[in-house]
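Asks: any chance you can model this:
(chains A and B)
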Number of protein chains: 2
Amino acid sequence: MALLVVGSIALDSLETPFGRREDVLGGSASYFSACASFFGPTRVVAVVGEDFPEEHVRFLASRGVDLAGLARQPGRTFRWKGRYEFDLNTAHTLDTQLNVFAKFQPALPEHYRDSEYVFLGNIDPDLQRAVLDQVRAPRLVACDTMNFWIESKRESLLRTLRRVDLLFVNDAEARMLAGEHNVVKAARKILSFGPRSVVVKRGEYGALFFSGDEVFASSAVPLAAVFDPTGAGDSFAGGFMGYVARVRREDPATLRRAIVLGSVLASFTVEQFSLDRLRSLTPEEIRGRYAEARERAHFDDLEVDLFAGNGG
Amino acid sequence: MALLVVGSIALDSLETPFGRREDVLGGSASYFSACASFFGPTRVVAVVGEDFPEEHVRFLASRGVDLAGLARQPGRTFRWKGRYEFDLNTAHTLDTQLNVFAKFQPALPEHYRDSEYVFLGNIDPDLQRAVLDQVRAPRLVACDTMNFWIESKRESLLRTLRRVDLLFVNDAEARMLAGEHNVVKAARKILSFGPRSVVVKRGEYGALFFSGDEVFASSAVPLAAVFDPTGAGDSFAGGFMGYVARVRREDPATLRRAIVLGSVLASFTVEQFSLDRLRSLTPEEIRGRYAEARERAHFDDLEVDLFAGNGG
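Replies: As a prediction, this is how the structure comes out:
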């Protein structure tokens, strides 16, 4: 399927109302590749330090993740420390140590250059383009970003977006990027920046997909227990891109299924700390939750002769 | 169809980022009955003062609203003054003048007492039960409430809920009522208070419907322009109950259609100030937006043989 992801591989320290964890596996490329690998092999471009535990490498490799593009540099691995309040909606960054990530220059192994599906994780938009420059003929390029790049490297980000087919953003990022509060107007404006499609992620509420005149509204899986929202967005993108790369189609119906699969993968990720839930997750569980999402979203046509007076 | 609503009829003064209006028609019973009346006649129990413009009475009557239960008392009509910030999500109450509403004692005209479908708008839960006491054999009782009653008259509200089939609340109210942050857990707890079903309204995101083990997730209509969110919740309830009373069924598939119709009616209401959009709204437009909602929510089953390795 030739799916490539560039992003971070990190050691996260997390505080949530349900507990805390120190130096657990994290980073956009970790979540993305672990989710995408349910559908097929995934190529990772990332960097870790000398302190990165070998067990994490073994775990990703055991899922069929191609780690030929994982550089190991002198120094320490990228670390992120965050706290979630009781509502679990907002991550408060307590500490960020870029470490080896500060000098990350993504270099693609030769066999990665024929990748057809590319996900540019949330990194410096200059680096996102540096990766794209090394891919010969990508068929679908998707991209993530964040408020930091929207504010500090807007022009570079816009240059990246002109080469991107699909953008994943949350609603706050969509508003900031477009300079438009209404999310429908914001999405339309983002489509004028280059991408053919934009997925606006709305956390526990679901996602809106805009592509041309088409709008798809997907509700999130209603969860009675969310333990750790870290990685939800990258899991969403991983489920989405893994599926699309597997079926090798980009028609609207396929992209709708991809969005639901993305939200299903994200819904599993947040049930436990770090990538722990993904370690035990099975294809049957993914299929089951997808089927539940279909059931939960279904409603029928209206009856005829429904309205008072004229009008039918 | 014998649908009864008790609630407020008010004169609202509104400030939104898009303009302001003074003493326009408002109140839960106004929005509810104007929306429900698309499906059939609706009986209103409410009170207005001597200053209430006759044109509003004529408008509601022209829509087939039965106003035999509309009392006109000496004094001024209930007034609410509110302001919406740029995000339009939160109403800031600037002034509330209960006026004749302060001594409102709902009295049902004799022919109202056979009503089968009852909507208890957001009023004192003591008065909600006083209305129920006057209805002989209601088939479906739905209820709205707000943070004020949840905090100040919790025991009375719980007594009302034991006699209610379906509760409409927004997510903040659901959390407050249940004392539970997670909305899924909150809804389940509310079901233990009496109602068979609960609709958790989530504003621009949509609604979740809980009934036994059944969950229906409905996305709101994505609107590029929202002018005035006042009355959205009562329009939702009006569309919902008007439809259910029209078709006289309460099976799960019917209630799902009712929720989508509720969100469709609400989506029209917020497009203009006060009830103005409802004045020009046609059944064809309602049907059209319902059909769009179906199209927007649709996605197909997954392919077989999808996953890497075993698992199918």
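Asks: now the strands: where do they sit in the stretch 201-312 of chain A?
Replies: A:206-211, A:214-219 (DSSP state E, counting those that start in this stretch).
Asks: the closest residue to chain B within the stretch 1-150 of chain A: neighbouring residues, count only.
Replies: Residue nearest to chain B within the stretch 1-150 of chain A: A:G40 (4.9 Å; CB to the nearest CB). In short, each C-beta sits where N, CA and C put it, glycine included. For A:G40, the neighbour count with other CB atoms under 10 Å in any protein chain shown is 20.
Asks: roughly how far apart are it and A:A291?
Replies: 21 Å (CB to CB, to the nearest Å).
Asks: got it, and A:K201?
Replies: 22 Å.
Asks: these two: which has the busier surroundings?
Replies: Taking other CB under 10 Å, A:K201 and A:A291 do not tie; A:K201 has more neighbours (25 against 13).
Asks: ok, that one - contacts?
Replies: Taking CB atoms under 8 Å, 6 or more residues apart in numbering or on different chains, we find A:K201 in contact with A:168-171, A:207, A:233, A:236.
Asks: now A:F39
Replies: Counting by CB under 8 Å, 6+ apart, A:F39 touches A:1, A:242-243, A:245-246, B:306-308.
Asks: ok, A:D23 - contacts?
Replies: So A:D23 contacts A:11-13, A:79 (CB under 8 Å, 6+ apart).
Asks: my error: substitute A:I286 in the last question.
Replies: By CB under 8 Å, 6+ apart, A:I286 lies in contact with A:38, A:261, A:264-265, A:268, B:307.
Asks: can those residues go into JSON lines with extra columns for neighbour count and pLDDT?
Replies: Converted to JSON lines, the contacts of A:I286 look like this (neighbours: other CB atoms under 10 Å in any protein chain shown; pLDDT from 0 to 100):
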{"residue": "A:F38", "neighbour count": "26", "pLDDT": "98"}
{"residue": "A:L261", "neighbour count": "30", "pLDDT": "98"}
{"residue": "A:V264", "neighbour count": "26", "pLDDT": "98"}
{"residue": "A:L265", "neighbour count": "33", "pLDDT": "98"}
{"residue": "A:F268", "neighbour count": "21", "pLDDT": "98"}
{"residue": "B:F307", "neighbour count": "21", "pLDDT": "94"}
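Asks: those residues: which two are farthest apart?
Replies: Spatial extent of the contacts of A:I286 (CB to CB) is set by the pair A:F268 and B:F307 at 14.1 Å.
Asks: counting by contacts, list what the helix or strand where A:L60 lies packs against.
Replies: For A:L60, the host element (DSSP states H and E) is helix A:54-62. Helix A:54-62 is packed against helix A:28-36, strand A:65-72, with contacts defined by 3 or more CB pairs under 8 Å, 6 or more residues apart in numbering or on different chains; DSSP states H and E.
Asks: of the ones you listed, which approaches B:V226 most closely?
Replies: Shortest distance between B:V226 and the helices and strands packed on helix A:54-62, using CB to CB, is found for helix A:28-36: 33.4 Å.
Asks: how close does A:D276 get to chain B?
Replies: According to CB to the nearest CB, to the nearest Å, A:D276 stands 19 Å off from chain B.
Asks: which residues of the stretch 1-150 of chain A fall in strands?
Replies: Going by DSSP E, counting those that start in this stretch, the stretch 1-150 of chain A shows strands at A:3-6, A:10-16, A:19-26, A:42-48, A:65-72, A:79-84, A:91-97, A:117-120, A:140-144.
Asks: looking only at pLDDT, what's the mean for the fifth one?
Replies: This points to strand A:65-72. Mean per-residue pLDDT for strand A:65-72: 98.
Asks: now tabulate the strands of the stretch 1-150 of chain A in TSV and tack on distance to B:R257.
Replies: Putting those into TSV (distance: least, CB to CB, whole Å) gives the following:
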stretch	distance to B:R257
strand A:3-6	40
strand A:10-16	39
strand A:19-26	43
strand A:42-48	41
strand A:65-72	45
strand A:79-84	37
strand A:91-97	38
strand A:117-120	38
strand A:140-144	35
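Asks: and the ones you listed, which one is worst for confidence?
Replies: Among the strands of the stretch 1-150 of chain A, strand A:91-97 carries the lowest mean pLDDT, at a mean of 91.
Asks: show me what it is packed against.
Replies: strand A:10-16, strand A:79-84.
Asks: okay, now A:R277: neighbour count?
Replies: Count around A:R277 with other CB under 10 Å applied: 21.
Asks: pretty sure it is touching A:A266, no?
Replies: No: A:R277 is beyond contact range of A:A266, at 10.6 Å (criterion: CB atoms under 8 Å).
Asks: what sits in contact with each of those two?
Replies: Contact criterion CB under 8 Å, 6+ apart; residues shared by A:R277 and A:A266: none found.
Asks: quick one: which of the contacts of A:D23 is nearest B:S115?
Replies: Minimum distance to B:S115 across the contacts of A:D23 is 57.6 Å, recorded for A:D12 (CB to CB).
Asks: mind checking how far the closest one is from B:T16?
Replies: Taken as CB to CB, the span from A:D12 to B:T16 is 42 Å.
Asks: ok so, going back, so which of the contacts of A:D23 wins on neighbours?
Replies: In terms of neighbours by other CB under 10 Å, the contacts of A:D23 top out with A:L11 at 25 neighbours.
Asks: burial check on the closest residue to A:A91 other than its chain neighbours, number of neighbours?
Replies: Closest residue to A:A91 apart from its sequence neighbours, by CB to CB, 6 or more residues apart in numbering or on different chains: A:G82 at 4.7 Å. The number of residues packed near A:G82 is 20, by other CB under 10 Å.
Asks: any idea what A:G82 is bridged to?
Replies: A:L14, A:T93 (DSSP bridges).
Asks: repeat that for A:A217.
Replies: Going by DSSP bridges, A:A217 is paired in beta bridges with A:L208.
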